[in-house]
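In: structure here, sequence nowhere to be found:
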């Protein structure tokens with residue numbers, strides 16, 4: 001930056017009326033945040049990102065600021081002061097100070113806590129040759145925020161200051177009050193006298209004058225502390241490590257989300273904003289991700305554009321409604337990545353240039369790859385949640401964990417045989433598993449994994465719906481981290497067709513155990529790598545998919561067999577190096593069974609009968625086999 005002037009202007013003249021109970025007569029920038037004045041955090045941030053000269057624009061109780069900060073030497077920077085004789089608003093104060101600022105400078109607000117890479121933002125401003133660059137992000141209260149529209153190149157096309165019209169549905173992209181500005185040509189846009197505001201007066205005028213306003217969109221942490229409630233929230237966020245998780249200093253964790261059938265109701269096609277309705281519990285689930293510092297990123301195929309049913313502008317309006325509906329409930333997504341293509345031609349009104357085979361249409365991974373690049377996402381700690389096998393295949397190819405929800409298509413599209421890592425009822429359950437259940441099970445299965453490191457065969461049994469499949473998958477992940485490859489063989493792959501099962505003959509009789517043993521037993525004696533096709537069982541149809549998953553197994557790999565009667569199959573139980581029984585409170589287990597049967601379309605009366613029959617067939621023998629287990633693992637319950 002130009003050494004002739006200050007790199008940063010901090011608007012520090014506010015009185016902080018709403019914080020008087022915390023600050024007394026102190027100015028707002030001096031409000032204590034975890035034992036330090038807020039201004040200290042800002043000055044330290046400036047130094048870290050190479051801003052060596054700071055101009056504090058002060059008014060109320062400026063003596064207190066000067067007494068604390070001095071010349072800035074204890075922060076390792078140079079600090080100067082511009083004292084307002086009377087309040088001139090954010091723009092007026094800046095205009096009066098322009099002669100003391102560098103040709104390009106940053107503007108920070110003195111009531112904001114931020115953990116933003118200022119150097120990277122300045123570089124983006126220079127690369128785009130902008131007159132001003134505004135830091136933009138979604139937030140959890142867009143209804144009372146200044147909102148912004150951008151084009152595909154992220155240049156700002158419209159500004160929507162708060163308050164908004166009653167029925168307006170703008171995209172949740174908020175002006176976060178952090179700017180990089182070019183000094184030249186700015187002075188004529190701001191009145192010489194009286195008050196003026198940067199966001200409400202100057203930026204709209206710049207836009208009307210054809211100036212280039214660039215939107216720097218980032219998930220980095222920035223929040224104002226203008227009320228006691230917001231101050232306490234920021235303090236809690238810092239202590240919880242939220243700013244650190246969202247910072248540019250490392251890779252971030254994300255949850256990639258399918259749109260139709262996962263976030264909003266699945267319909268024929270959504271072609272108008274009024275057709276989009278959120279599924280129950282979705283906003284709460286997304287808000288939990290926001291509060292946990294996990295990025296929420298939508299990955300969606302929208303062939304309606306290629307078919308000519310929706311324009312790109314129309315799709316933006318649909319997504320503006322989506323982010324608006326989430327925002328009303330204090331939730332937001334960090335990005336929306338869309339494939340508008342479709343490979344098949346022949347639709348009336350189609351857009352020929354979009355009728356192509358592309359690399360972004362799920363299950364291709366280009367959209368995930370772009371999101372990982374744009375948002376610095378760590379695939380190893382990220383997830384893909386969706387309602388189709390195509391979503392699950394996308395997650396597999398992208399190298400992230402997968403969760404299938406039983407909303408929308410509920411995995412019944414049948415396009416791919418890939419088995420999801422985990423299956424849950426809906427997005428709320430998926431988020432609970434990601435944030436709470438999975439970490440809990442990693443902890444509970446750690447001793448099992450330690451023992452399994454020396455084993456060839458692990459057998460995992462337990463009553464129906466106790467979470468054995470999830471436990472087996474978590475075990476596989478832990479073993480992978482420890483350097484061992486594991487393969488899961490669900491006993492459901494050898495379930496007999498429903499018509500061939502006889503109730504009252506015992507739970508093991510539901511399975512083709514001879515076929516199971518014919519497949520698994522030779523694997524325990526392998527001397528060279530072997531390949532096989534594992535049948536995939538479809539719980540919805542209660543039959544095999546007709547497709548299979550290809551497996552390649554090395555003699556040193558761990559074989560994990562899981563299923564209700566796993567510990568009842570003597571050859572397996574005797575050969576196993578580790579035997580595990582998974583259990584949970586009976587009331588929770590029965591509730592899961594009921595939910596599962598209802599999802600399959602059974603009536604309440606039929607469910608009652610099935611539960612009674614299963615209790616007779618399996619409860620006693622499975623509980624007796626519990627005594628064979630080396631480990632008893634409590635399944636996670638929400």
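Out: Arrived safely. This one's a predicted model, so the numbers in the text were calculated from it and none came from an experiment.

In: going forward, measure contacts and count neighbours with C-alpha atoms only.
Out: Fine.

In: which residues touch stretch 356-366?
Out: 300-301, 339-344, 367, 390-391, 393-395, 397-398 (Cα atoms under 8 Å, 6 or more residues apart in numbering).

In: for the closest residue to residue 51 other than its chain neighbours, pull up the helix or strand it's in.
Out: Nearest residue to residue 51, sequence neighbours excluded (Cα to Cα, 6 or more residues apart in numbering): residue 7, at 5.7 Å. Under the criterion of DSSP states H and E, residue 7 resides in strand 6-12.

In: run through the stretch 1-150 of the chain and note the low-pLDDT ranges.
Out: The stretch 1-150 of the chain contains residues with pLDDT under 70 at 1-4, 16.

In: do that again at 80, thanks
Out: Within the stretch 1-150 of the chain, the segments meeting pLDDT under 80 span 1-5, 14-18, 20-25.

In: now swap in the stretch 401-550 of the chain and tell me
Out: Along the stretch 401-550 of the chain, segments meeting pLDDT under 80 span 417-418, 498-505, 537-548.

In: quick one, strands of it?
Out: Counting by DSSP state E, counting those that start in this stretch, the stretch 401-550 of the chain has strands at residues 401-405, 422-424, 457-461, 486-490, 530-538, 543-553.

In: listing partners with orientation, what would you give for the following helix or strand past the last one?
Out: The reference is to strand 543-553. Later in the chain than strand 543-553, the nearest helix or strand by DSSP H and E is strand 558-562. If you go by DSSP bridges, strand 558-562 pairs up with strand 457-461 (parallel), strand 486-490 (parallel).

In: could you give the angle of the last one to strand 530-538?
Out: An angle of 40 degrees separates the directions of strand 486-490 and strand 530-538 when computed by axes from the mean of the first three to the mean of the last three Cα atoms, to 10 degrees.

In: again, but for the first one
Out: Relative orientation of strand 457-461 and strand 530-538, computed by the same axes, to 10 degrees: 10 degrees.

In: relative to residue 236, how far out is residue 250?
Out: 21 Å (Cα to Cα, to the nearest Å).

In: per-domain residue ranges of the chain.
Out: Split into domains by automatic domain parsing, the chain comes to 6-232, 251-420, 434-634.

In: now the helices for the stretch 451-600 of the chain?
Out: Along the stretch 451-600 of the chain, counting by DSSP state H, counting those that start in this stretch, helices occupy 468-481, 513-520, 570-575, 586-599.

In: mind listing what's buried in the first one?
Out: Residues of helix 468-481 classed as buried under the neighbour-count rule (16 or more other Cα atoms under 10 Å) are 468, 469, 470, 471, 472, 473, 474, 475, 476, 477, 478, 479.

In: wait, the residue nearest to residue 51 touches residue 50, no?
Out: No - Residue 7 is beyond contact range of residue 50, at 9.1 Å (criterion: Cα atoms under 8 Å).

In: so which of the strands paired with strand 558-562 is nearest residue 106?
Out: strand 486-490 (52.6 Å; Cα to Cα).

In: so what's the gap between the closest one and the chain middle?
Out: Distance, stretch centre to chain centre, for strand 486-490: 28 Å (Cα atoms, centre = their mean, to the nearest Å).

In: what's the angle from it to helix 468-481?
Out: If you take the same axes, to 10 degrees, strand 486-490 sits at 170 degrees to helix 468-481.

In: can you tell me the centre-most residue of this protein?
Out: The centre of the chain sits closest to residue 296, judged by Cα atoms, centre = their mean, with a distance of 2.7 Å.

In: verify the stated contact: that one with residue 289.
Out: Yes - Residue 296 lies in contact with residue 289 (Cα under 8 Å); the separation is 6.7 Å.

In: picking that back up, reformat the helices of the stretch 451-600 of the chain into JSON lines and put distance to residue 159 next to each item.
Out: Putting these into JSON lines (distance: least, Cα to Cα, whole Å) gives the following:
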{"stretch": "helix 468-481", "distance to residue 159": "47"}
{"stretch": "helix 513-520", "distance to residue 159": "64"}
{"stretch": "helix 570-575", "distance to residue 159": "67"}
{"stretch": "helix 586-599", "distance to residue 159": "46"}
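
In: any idea which of those gets closest to residue 538?
Out: Minimum separation from residue 538 across these (Cα to Cα) falls at helix 586-599, 12.7 Å.

In: mind listing what's buried in the closest one?
Out: Buried positions in helix 586-599, judged by neighbour count with 16+ other Cα under 10 Å: 589, 590, 592, 593, 594, 596, 597, 599.

In: in the stretch 151-300 of the chain, which spans are strands?
Out: Under the criterion DSSP E, counting those that start in this stretch, the stretch 151-300 of the chain contains strands at 156-160, 174-182, 213-217, 221-224, 254-257, 295-301.

In: other SSEs contacting the first one?
Out: To tie it back to what came earlier, the one meant is strand 156-160. When contacts are defined as 3 or more Cα pairs under 8 Å, 6 or more residues apart in numbering; DSSP states H and E, strand 156-160 sits against strand 147-150, helix 203-208, strand 213-217.

In: the shortest one - contacts with which helices or strands?
Out: If contacts are counted by 3+ Cα pairs under 8 Å, 6+ apart, strand 147-150 sits against strand 156-160, strand 174-182.

In: ranking those strands by burial, who's on top?
Out: Burial of the helices and strands packed on strand 147-150 is given as mean neighbour count (mean count of other Cα atoms under 10 Å); strand 174-182 ranks first at a mean of 24.

In: returning to what we had before: just flag the most distant two among the buried residues of helix 586-599.
Out: Across these, no pair lies farther apart than 589 and 599, at 15.3 Å, counting by Cα to Cα.

In: residue 441 against residue 469, yeah?
Out: No - checked against Cα under 8 Å, the pair residue 441 and residue 469 is beyond contact range at 11.9 Å.

In: gap between the top helix by length along the chain and the chain center?
Out: Using DSSP state H to assign secondary structure, the helix with the most residues in the chain is helix 312-328. Distance of helix 312-328 from the chain centroid (Cα atoms, centre = their mean) equals 18 Å.
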